[in-house]
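Enquirer: below are the sequence and a predicted model for it; my questions follow.
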There are 2 protein chains.
Amino acid sequence: MATESRYCNCLFFSANAVARLLTSMAEEEFAVTGLSPSHAFVLMTVCHKPGLPAGEISREMQLTPSTVTRLVEKLEQRKLLERESVGRSTRVTPTAAAAELLPAVKAAWRRLHARYTALLGPEAAAQLTTATYEAAKKFEQSS
Amino acid sequence: MATESRYCNCLFFSANAVARLLTSMAEEEFAVTGLSPSHAFVLMTVCHKPGLPAGEISREMQLTPSTVTRLVEKLEQRKLLERESVGRSTRVTPTAAAAELLPAVKAAWRRLHARYTALLGPEAAAQLTTATYEAAKKFEQSS
DNA sequence: GGCTGAAGTTTGTATATGCAAATGTCGGCA
DNA sequence: TGCCGACATTTGCATATACAAACTTCAGCC
């Protein structure tokens, strides 16, 4: 109470702090899969829709195309994904190894969810999540 | 509506998206000062408490000491801050140039605030900010 | 008084992400 | 048919941030 940060009323500030802390939690939970959180999300996305073009991954994950290229590249090196150039798009498909790894990835994701939900309380967590998602949508529209 | 992201109920995901979007807004607003948002916050922090040890900056900004070292280092190169080694801590003080730049920095900060507040609506913005800040505090305690 | 450990900072290295430019591919039009 | 602009992706480069190890300084204890 005595030491509220000077920046507690700045959303830029708090949002970045929360994102860093959640990323560090996510890294811990996904560690058992050998993947970083972002790589894990790419894997889940591609397993859900095999053959997805890279640009679609970019849109679903709200990351730039170049970032997606790097992520997929690394997963390809680990033999978890394959890329196929089709026309001007690049279709990405999971390998058998990816299918095998998927349950562990999904379990880690569930643990992450459970972890921050426990820390915030179920209602607060749900509310913060939707508010944050709505904000992301509005910000995205304006840019 | 038709295309809600699969990840809209994941706070890790939304928090990172919002943080990226806010960072990009902040970069635009702080651009006139020639500083990145983080550098601008360091400058404001040090102008507010001249002689602050680096570790205190680290705590106020919720960044690691090494990150603060890099930020201060660059501001020192630009003749905006000075470092003085006192015992085992490093005291950081603003230069005259920093004092001169400070109003522009604060103005940019106000513009940033106004910008996201306009996009979200005043109540929603305030509520999201406090909820986010509370979450950051809880996450920090648990780590 | 000298050692030992803890605290504060810096340095080396690694990762995530983005922007801008380059590359490759398609569609339409002269 | 061949060129030109638009789209999808990749590549080169830059920045932000962190972790771990090294370095410095102090504080207490023998």
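Expert: Perfect, I can see it now. As the structure is a prediction and not an experimental result, all values here were calculated from the model. Numbers count the residues shown, from 1 in each chain, chains lettered A, B, ... in the order given.

Enquirer: how much space separates residue A:32 from residue A:104?
Expert: Using C-beta to C-beta, to the nearest Å, one gets 6 Å for the distance from residue A:32 to residue A:104. All C-beta atoms are positioned from the backbone trio N, CA, C, and that covers glycine.

Enquirer: who's more crowded, these two?
Expert: Summary of the neighbour comparison: residue A:32 and residue A:104, criterion other C-beta atoms under 10 Å in any protein chain shown, with residue A:104 having more neighbours (15 against 12).

Enquirer: looking at this, the more buried one is in a strand?
Expert: No: counting by DSSP: H, G, I helix; E, B strand; the rest coil, residue A:104 is not part of a strand but helix.

Enquirer: quick one: residues contacting it.
Expert: With contacts defined as C-beta atoms under 8 Å, 6 or more residues apart in numbering or on different chains, the neighbours of residue A:104 are A:32-33.

Enquirer: and the pLDDT for it?
Expert: Looking at residue A:104, its pLDDT stands at 95.

Enquirer: and residue A:18, by the same measure?
Expert: In this model, residue A:18 is scored at 94, pLDDT.

Enquirer: what's the following helix or strand after the host helix or strand of it?
Expert: Residue A:18 belongs to helix A:11-30 when elements are defined using DSSP states H and E. Downstream of helix A:11-30, the first helix or strand assigned by DSSP H and E is helix A:37-48.

Enquirer: can I get that next one in CSV, CA atoms only?
Expert: This file holds the C-alpha atoms of helix A:37-48, laid out as CSV (Å, rounded to 0.1, in the frame of the first residue of the first chain):
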residue,chain,number,x,y,z
PRO,A,37,4.9,-20.6,-25.4
SER,A,38,4.8,-19.1,-28.9
HIS,A,39,6.1,-22.3,-30.5
ALA,A,40,3.6,-24.3,-28.6
PHE,A,41,0.7,-22.0,-29.8
VAL,A,42,1.9,-22.4,-33.4
LEU,A,43,1.9,-26.1,-33.0
MET,A,44,-1.6,-26.2,-31.6
THR,A,45,-2.8,-23.9,-34.3
VAL,A,46,-1.4,-26.0,-37.1
CYS,A,47,-2.6,-29.3,-35.5
HIS,A,48,-6.1,-27.8,-35.4
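
Enquirer: how about that helix: buried residues?
Expert: With burial defined by 16 or more other C-beta atoms under 10 Å in any protein chain shown, the residues of helix A:37-48 counted as buried are A:37-47.

Enquirer: where does pLDDT dip in chain A?
Expert: When the per-residue scores of chain A are filtered using pLDDT under 70, the ranges that remain are A:1-4.

Enquirer: tell me how far the residue of chain A found nearest DNA strand D lies from residue A:90.
Expert: Minimum separation of chain A from DNA strand D (C-beta to the nearest atom of the strand) falls at residue A:55, amounting to 2.3 Å. Separation of residue A:55 from residue A:90 (C-beta to C-beta) stands at 8 Å.

Enquirer: between the two, which one's more packed in?
Expert: The neighbour comparison of residue A:55 against residue A:90 (other C-beta under 10 Å) goes to residue A:90, with 18 against 13.
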